[in-house]
Structures are given as C-alpha cells and as structure tokens.
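Trainee: Structure for this input, please:
(chains A and B)
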Amino acid sequence: MGVKRYFGLFVVLAVVAGASLYGFAAKAKDWGKYQSGELRSGYTYASKETRAMQDDDFANPSSIWMDQGEELWLKAQGKAGKSCASCHDDAAQSMKGVATRYPVFDKSLGKLKNVEQQINICRKQRMEAKPFKWESNKMLAMTVYVKGQSRDMPVNVKINGPAAPFFEKGKAQYFQRRGQLNLACKHCHEDNAGNLARANLLSQGHSNGFPLYRLAWQRLGSLHRRFRGCDKNIRARPYGYGSDEYVNLELYLAARGRGLPVETPAVRN
Amino acid sequence: MAKSKPRVKVPKSVKKGEVFQVKTLISHKMESGQRKNKKGKKIPRMIINKFICTYNGTVVFESDWHPAISANPYMAFYIRAEKSGTLVFKWTDDRGQTYEKMASITVN
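Mentor: Down below sits the predicted model:
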C-alpha cells in the first residue's frame, strides 16, 4: 500500500519535472524564421518527420494541389471566356503578398472578405463562371496557389480603418467561451500552448500555413475546416464555411500572428 | 482526388555507376476498406496495390502496397544506372487502372 502510494507520487514528480524540462528545452531552441518574438508557428510544434515533409517541396503532398491550381489559373472558364491570368497575368508577380493582407474590408460587401471569397467574386463578376464550392479540390487548389505566392513573407494585415469593428468582433469571439465544454479559443491556444490535450500537442494556433495538408485529414484543408473541427471538439455548433463569424476570426488570428511568415502550403499532423 | 497525377523527380544526368535517389508522389485517395460511411456501410477498398519501376524494360524497383499506406503516397528509393535510358513508373490500383510516368536519364 505504502509503496504504491510513493510510487504514485514519484510518477507525478517525474511528470512535473519532465514538463518543466520540456518547457525549458523548447524555450532554448531557436526556430529561426518560424518564430517572431513570443510567437511560434505551428511548424515548431510539429514532429521532426512532419517538418521534413513541409521542408521538401516534392515530399509535401500539397504540391498536387499547387499544380492543379496553376492549371486552373491559366484555363479560361465561364461565359466571359477569361482565365485568372487574363486579368492578373503572372501569379508569381500579381498574387505576391496577397496572403499577408487578407482578409480585407470590401466596400461593396460592407464586410470582410477572405481569399476564397475573393476567388468566387472574381469567378462570378469577371469570368461569369460557376463559383467553386468551399472545401472542393478546385477551391483548395486555387487558394493554395494564390496564397502560396506569398510564401515566407511576414503576415501583415490591416486592422484599422473600416476593418476595425470586424477585428473587434473576431477578437471577442476568440475570447468567448462556447459549447458544452465551455471553452474559448484562448484556453487551448494561449493558456495551454505547448501542453497536451489528451494525445495532441496544442500549438499557439496561428493561421499562417493555411490551406495546409493535414495528415489526419489525408488531404488539404482550409482554415474554416480547422475552425469547424475546433468547434466540434469543444462540442459547440460550428458556423458555416465562409460565415462572417469565421472571416472575422480569421482577421483576428492573422493580426495575432503578425510577423510570422506565410507558410502556405504547410504540413501538420 | 478524381484525377490521379503522378509526380516524379530524378536527376537529369548521373555518373556511371553512381547511386542516386528517385522520388515519386501520386495523388490517390487510398481508401483502406476499413472505414464506414454515415449509414454504417463499409466503403469498399480502393488502393494502389502495386508500384513498379523499370529501367530500359528491366524491373529495378517493385513493391506491393497494403491498406495501411496513407493517401497521396510518397515513395523514394535509390537506384544505380550503367547506361542512359528511360525510367518508367507504373502504379496499379484495385480497379486495375494504371498510372504511368516516364523520365529519361543521361549517364556520362
């Protein structure tokens, strides 16, 4: 009995010691461009193997969607007979930096829009083509191709001017407790980043790598799919893809991760 | 993804007898046959079960794949070439559909 109790205590002590050691080791490591002050990209929380996958452009399975995105960029679609390239020419030039700015305020909509929504606005108004469905391969391919042109550029969204009220809404949502588990985003990603939630290592929850290839999904996925997954995990009712709530939150997250490089298309587990 | 598109990376030219790396990646859903749909019915297995690489007609690398292999499988391996020729990569899935990709190598 006594031995058992001491053994239990020993285990607790070992875990505490291990945790503090781990914390110390994580602090000491220099993550280079994947770190900006206190901010650490999800890359720094991923396993060595996952990081290797992201580092090698060929091994990164997102390249399949990147290629498809490039094809779509050049292909004329819709009644107007235009392709993306008809207006925007070379994506490497025209789309450079887009991922660092979005989501932005749109005057005619009177609210924020993100890259996915801008793609469909273009398709509807300029190309007169059918809009892409949110989580479809084509939408993911186009988004990843557009956003991927800003790779390694620091995120730098505008939160003043007309975007300010939407930023405040997104921020409020970030700190708002929700769902049966009564958790807000911040309980995992600010208070417990670096700790485990069951078997999952919690990251700071930055949005700089999206759309990204998630090994658990076995495919590319959008930020809003990630949001929906989080909401389901805390047993809250998720909002729809492209909903105002999620776009506002997207702006807050981008602002929160200002200075981190765009990693699209990242790989995470 | 609906359309499987293989990607292959090999050096354009190698030295005679030199060992070099070949990287391949193909998009495929690799449905394991273990999963069920929303109605509880099994989703039939649909994976690539064979991967063969030939060099000038001779098999240089061959592997049988099983359901535990992830979607969009990546395969890298090492080979050696004595003379210039063409590498042919061939993936075969459960439907019997094949996906092929070629790459030529100059040996000097």
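Trainee: show me what contacts B:Lys16?
Mentor: Shown in contact with B:Lys16 (C-beta atoms under 8 Å, 6 or more residues apart in numbering or on different chains): B:81-83, B:107-108. From N, CA and C alone the C-beta is placed, and that goes for glycine too.
Trainee: Looking at chain A, which residue is nearest chain B?
Mentor: A:Gln218 (3.8 Å; C-beta to the nearest C-beta).
Trainee: which residue sits closest to that residue, ignoring its sequence neighbours?
Mentor: The spatial neighbour of A:Gln218 that comes closest, neighbours along the chain excluded (C-beta to C-beta, 6 or more residues apart in numbering or on different chains), is B:Ala71 at 3.8 Å.
Trainee: hang on, that neighbour in a strand?
Mentor: No - according to DSSP: H, G, I helix; E, B strand; the rest coil, B:Ala71 belongs to no strand; its state is coil.
Trainee: and the host helix or strand of A:Lys169, what does it pack onto?
Mentor: Assessed by DSSP states H and E, A:Lys169 sits inside helix A:164-174. The elements that helix A:164-174 packs onto, with contact taken as 3 or more C-beta pairs under 8 Å, 6 or more residues apart in numbering or on different chains; DSSP states H and E, are helix A:185-189, helix A:244-256.
Trainee: just for the chain, where's the confidence low?
Mentor: Since you didn't name a chain, this refers to chain A. A:1-28 (pLDDT under 70).
Trainee: you looked at the wrong chain, it should be chain B
Mentor: Along chain B, the parts satisfying pLDDT under 70 run over B:1-3.
Trainee: Which among the contacts of B:Lys16 count as buried?
Mentor: Buried subset of these (neighbour count, 16 or more other C-beta atoms under 10 Å in any protein chain shown): B:Ala81.
Trainee: Could you tell me which of the contacts of B:Lys16 are located in strands?
Mentor: Those of the contacts of B:Lys16 mapping onto strands are B:Val107, per DSSP state E.
Trainee: is it possible to export the contacts of B:Lys16 to CSV including distance to B:Val14?
Mentor: Listed next are the contacts of B:Lys16 as CSV, based on distance: C-beta to C-beta, whole Å:
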residue, distance to B:Val14
B:Ala81, 6
B:Glu82, 10
B:Lys83, 11
B:Val107, 6
B:Asn108, 8
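Trainee: Distance check, the spatially most central residue of chain A against A:Asn114.
Mentor: Among the residues of chain A, A:Ser207 comes closest to the average C-alpha position under C-alpha atoms, centre = their mean, at 2.9 Å. Look at A:Ser207 and A:Asn114: by C-beta to C-beta, to the nearest Å, they are 10 Å apart.
Trainee: Give the residues shared as contacts by these two.
Mentor: A:Glu250.
Trainee: close enough to count as contact, B:Pro73 and B:Lys29?
Mentor: No - taking contacts as C-beta atoms under 8 Å, B:Pro73 lies outside contact range of B:Lys29: 10.6 Å.
Trainee: give the contact list for the residue of chain B found nearest chain A.
Mentor: As assessed by C-beta to the nearest C-beta, chain A sits closest to B:Ala71 within chain B, at 3.8 Å. By C-beta under 8 Å, 6+ apart, the contact list for B:Ala71 reads A:61, A:218-219, B:28-30.
Trainee: So which of those residues is the closest to B:Asp93?
Mentor: Using C-beta to C-beta, B:His28 comes nearest to B:Asp93 of these, at 6.9 Å.
Trainee: Which residues are in contact with B:Ala76?
Mentor: A:59, B:21-24.
Trainee: Partner strands of the helix or strand where it lies, with direction?
Mentor: Take DSSP H and E as the rule and B:Ala76 turns out to sit in strand B:74-80. Sheet pairing for strand B:74-80, assigned by DSSP bridges, gives strand B:19-26 (antiparallel).
Trainee: residues in chain B within reach of chain A, list them.
Mentor: B:1-2, B:5, B:7, B:9, B:23, B:25, B:27, B:29-30, B:70-72, B:74, B:76 (C-beta under 8 Å from any C-beta of the partner chain).
Trainee: Of the residues you listed, which count as buried by neighbour count?
Mentor: Buried residues within these, counting neighbours by 16+ other C-beta under 10 Å: B:1, B:7, B:25, B:27, B:29-30, B:71-72, B:74.
Trainee: Same list (those residues) but as JSON lines, adding distance to A:Arg126.
Mentor: Output for those, formatted as JSON lines (distance: C-beta to C-beta, whole Å):
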{"residue": "B:Met1", "distance to A:Arg126": "27"}
{"residue": "B:Arg7", "distance to A:Arg126": "31"}
{"residue": "B:Leu25", "distance to A:Arg126": "33"}
{"residue": "B:Ser27", "distance to A:Arg126": "29"}
{"residue": "B:Lys29", "distance to A:Arg126": "33"}
{"residue": "B:Met30", "distance to A:Arg126": "37"}
{"residue": "B:Ala71", "distance to A:Arg126": "34"}
{"residue": "B:Asn72", "distance to A:Arg126": "32"}
{"residue": "B:Tyr74", "distance to A:Arg126": "37"}
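Trainee: All set now, cheers.
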